[in-house]
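*Asks:* have a look at this fold, sequence not included:
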């Protein structure tokens, strides 16, 4: 599971624990929805990861029609 931003960046959700624990269960309620996620972001060689500290669904998003 990944988070895709408005500027087409992919963020891989990771845990703050070692070894890393699965984040899918916590993210399942947000699949296919617009969210605002905040947390600690890591980047290495163009790959982005985030330790999510807060995530909320955004219901007031207006989707643009693609042409």
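*Replies:* That came in fine, so what should we check first? Note that the coordinates shown come from a computational prediction; the quantities given were computed from them, not determined experimentally.
*Asks:* residue 41 contacts residue 11, doesn't it?
*Replies:* Yes. Using Cβ atoms under 8 Å as the test, residue 41 is close enough to residue 11 to be in contact (7.3 Å). Every residue, glycine included, has its C-beta placed from N, CA and C.
*Asks:* count of residues packed around residue 59?
*Replies:* Neighbour count for residue 59, taken as other Cβ atoms under 10 Å: 7.
*Asks:* ok, it - contacts?
*Replies:* residue 34 (Cβ atoms under 8 Å, 6 or more residues apart in numbering).
*Asks:* next, give phi and psi for it.
*Replies:* For residue 59, the backbone dihedrals (degrees, to the nearest 10) come out as phi -90, psi -20.
*Asks:* for residue 30, same thing?
*Replies:* For residue 30, the backbone dihedrals (degrees, to the nearest 10) come out as phi -110, psi 0.
*Asks:* hang on, residue 30 packs against residue 57?
*Replies:* Yes. Between residue 30 and residue 57 there is a contact at 6.3 Å, judged by Cβ under 8 Å.
*Asks:* more crowded one of those two?
*Replies:* Remark: of residue 30 and residue 57, residue 30 carries more neighbours, 16 against 11, as counted by other Cβ under 10 Å.
*Asks:* gap between the more buried one and residue 46?
*Replies:* Plainly put, residue 30 is 24 Å away from residue 46 if you go by Cβ to Cβ, to the nearest Å.
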